[in-house]
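Peer 1: Coordinates for the following, if possible.
(chains A, B, C and D)
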Protein chains: 2
Amino acid sequence: MSERGISSAVIRRLPRYYRYLGELLENNVVRISSKELSIRMKVTASQIRQDLNNFGGFGQQGYGYNVEYLFEEIGKILGLNTIQNMIIIGAGNLGQALANYDFDRIGFRVIGIFDANPRLEGLAVHGIEIKMVDELEEFIKTHEIHVATLTVPKKNARTIASQLEEWGICAIWNFAPTDLHVSDDVCVKNVHLDESLMTLSYNFRNRGKEKYSYHSYMDD
Amino acid sequence: MSERGISSAVIRRLPRYYRYLGELLENNVVRISSKELSIRMKVTASQIRQDLNNFGGFGQQGYGYNVEYLFEEIGKILGLNTIQNMIIIGAGNLGQALANYDFDRIGFRVIGIFDANPRLEGLAVHGIEIKMVDELEEFIKTHEIHVATLTVPKKNARTIASQLEEWGICAIWNFAPTDLHVSDDVCVKNVHLDESLMTLSYNFRNRGKEKYSYHSYMDD
DNA sequence: TAGATTGTTAATCGATTAACAATC
DNA sequence: TAGATTGTTAATCGATTAACAATC
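Peer 2: Below you'll find the predicted structure:
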């Protein structure tokens, strides 16, 4: 309770470690040193060891890390070892695309899709019939929902987010181009696609102007 | 040439400033101080002033910043004041959703959509007919393309990225869940949706364990 | 054992925040 | 002018990298 949480810089890197380890596993690589992994991932070996040691000692001196074990452990840290239920609110193009996305692979299962447009009612997306938003409260109260994905228009996003909070949702994956005003007890992860494109725009228009590479493997 | 580029931490914050200023503009707010903006955006006034002064002095002592002027200037820094052409490679759910997204608003125009599946050929998305990938090289060489959006399966992403580089594309917006191996002259901005969801998963499963809030307005 | 590589402490680097003189 | 607020320098904080003793 009194100790400082792990910095978001570290958390953001975990999925990338997980991805690289998954690929090593597919290629039947049994063990790997922080040095070897650092070369593949284009980061420092120090950073890898520091990052991992936030969560415990997963390696062995003189040997390195067992790929399968480390992969599993990072999966557990990220909560990918249990099935988590997700609902999608907003069944427009993006909402439907996400419903069709293969999130099972990382333990997430879409169990409900909602929209306000009556013309979409009952339409099946990825085998799930679209429900109307007025059924949302009942649905949330009768199901265990871990994450609510918000793919509604900007003008509706804040109102819905507040309702979600009221109904007990504590994690929102927000694709609406706005900041949500919810209490600190609710986790919000924003995916602002237009802002992502803007930073790409800046970078390629200013490439070559700076001394160092602008090419980063992180999503910045 | 010899000076250090502006840090990516600063660049990442610009779109959010742009968004807040746009909203102030809509509400007919004429001027704003860094202090007032800092309260709305939940950042420090120091950070706002430091960030902006990387690009020049946009404010006036004793007055603050003119909202419209600052909005326009940040737009120019991000390159939103000119129309930029974009193509989308991969016309699956996500590719089609992005084709329908309103990027005009920030100056981006989708002028081509490509896929390898012959069953999609000629199908119109957002008024644009899907073309086959074997037409890609010719299309790129006869059009000015600023950004190529990659929404193809993981297994095809690297091959296509290398071809895009060869054909002269210098900015790739990558949605495939893999790192691309292109030269440093090509800007890559990754959007790894599964990894975004993983960090949300970590955060809400570990909420309350740390001293400070995990709720951030940045996409971390 | 000798070599390799971790876990961890110390040093460096960069980013954020505070402070304040300049000035509108 | 007096008050407000910037632009900018200095101080702090945190994150990254380097170094190395511990140990497999």
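
Peer 1: C-alpha from now on. contacts and neighbour counts both.
Peer 2: OK.

Peer 1: tally of neighbours for A:I11?
Peer 2: Residues contacting A:I11 under the criterion other Cα atoms under 10 Å in any protein chain shown number 19.

Peer 1: contacting residues around it?
Peer 2: Contacts here follow Cα atoms under 8 Å, 6 or more residues apart in numbering or on different chains; on that basis A:I11 touches B:199, B:202.

Peer 1: Show the pLDDT at it.
Peer 2: A:I11 is assigned a pLDDT of 97 by the prediction.

Peer 1: In which helix or strand does it reside?
Peer 2: In this structure, A:I11 is located in helix A:8-26 according to DSSP states H and E.

Peer 1: Could you pick out the residues of chain A near DNA strand D for me?
Peer 2: Within chain A, the positions lying close to DNA strand D (Cα under 7 Å from any atom of the strand) are A:7-10, A:43-44, A:46-47, A:50, A:60-63.

Peer 1: any idea whether the residue of chain A positioned farthest from its centre is helix, strand or coil?
Peer 2: Summary for chain A: using Cα atoms, centre = their mean, the residue whose C-alpha lies farthest from the chain's mean C-alpha position is A:G62, with a distance of 34.0 Å. When the structure is reduced to helix, strand and coil (DSSP: H, G, I helix; E, B strand; the rest coil), A:G62 reads as coil.

Peer 1: Distance of it relative to A:G56?
Peer 2: Distance of A:G62 to A:G56, computed by Cα to Cα, to the nearest Å: 17 Å.

Peer 1: Point out where chain A drops to low pLDDT.
Peer 2: Judged by pLDDT under 70, chain A has its weakly predicted residues at A:1-4, A:209-216, A:218-220.

Peer 1: So it: which segments form each domain?
Peer 2: Here the domain parsing of chain A from automatic domain parsing is A:8-76, A:84-195.

Peer 1: Pick the most buried one from the ones you listed.
Peer 2: Comparing the domains of chain A on average neighbours per residue, with mean count of other Cα atoms under 10 Å in any protein chain shown, the densest one is domain A:84-195 at a mean of 19.

Peer 1: what's the distance between that one and the middle of its chain?
Peer 2: Mean-position distance between domain A:84-195 and its chain equals 14 Å (Cα atoms, centre = their mean, to the nearest Å).

Peer 1: Now do the end-to-end distance for that domain.
Peer 2: The first and last residues of domain A:84-195 sit 28 Å apart, counting by Cα to Cα.

Peer 1: With distance to B:N81 as added columns, please give the domains of chain A in JSON lines.
Peer 2: Below are these laid out as JSON lines (distance: least, Cα to Cα, whole Å):
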{"stretch": "domain A:8-76", "distance to B:N81": "32"}
{"stretch": "domain A:84-195", "distance to B:N81": "15"}
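
Peer 1: Identify the residue nearest A:V10 in space, chain neighbours excluded?
Peer 2: Distances taken as Cα to Cα, 6 or more residues apart in numbering or on different chains put A:D51 closest to A:V10, at 6.0 Å, once the chain neighbours are dropped.

Peer 1: and the one you found, what element?
Peer 2: Short version, using DSSP H and E: A:D51 is in helix A:45-52.

Peer 1: so what does that helix touch, helix or strand wise?
Peer 2: Contacts of helix A:45-52 with other secondary structure elements, assessed using 3 or more Cα pairs under 8 Å, 6 or more residues apart in numbering or on different chains; DSSP states H and E, are made with helix A:34-41.

Peer 1: got the contact list for the helix it packs on?
Peer 2: Residues outside helix A:34-41 that contact it (Cα under 8 Å, 6+ apart) are A:20, A:44-46, A:48-49, A:64-65.

Peer 1: residue contacts, A:N27?
Peer 2: With contact taken as Cα under 8 Å, 6+ apart, A:N27 is in contact with no other residue.

Peer 1: just curious, which of the contacts of helix A:34-41 is nearest to B:G122?
Peer 2: Ranked by distance to B:G122 (Cα to Cα), the contacts of helix A:34-41 are led by A:Y20 at 37.4 Å.

Peer 1: show me where chain A has helices.
Peer 2: In chain A, the segments counted as helices under DSSP state H are A:8-26, A:34-41, A:45-52, A:67-77, A:93-100, A:136-142, A:154-166, A:193-205.

Peer 1: who wins for proximity to B:L24 among those helices?
Peer 2: helix A:154-166 (15.2 Å).

Peer 1: Ok, which of the domains of chain A comes nearest B:G168?
Peer 2: domain A:84-195 (23.8 Å).

Peer 1: still on that earlier bit, determine which two of the contacts of helix A:34-41 are furthest apart.
Peer 2: In terms of Cα to Cα, the contacts of helix A:34-41 reach their longest pairwise distance at A:Y20 and A:S46, which sit 17.0 Å apart.

Peer 1: Endpoints of stretch A:22-33, how far apart?
Peer 2: End-to-end distance for stretch A:22-33: 15 Å, by Cα to Cα.

Peer 1: go on, stretch A:52-68?
Peer 2: 15 Å.

Peer 1: Could you give the separation of that stretch from the chain centroid?
Peer 2: Counting by Cα atoms, centre = their mean, stretch A:52-68 is centred 24 Å from the centre of its parent chain.
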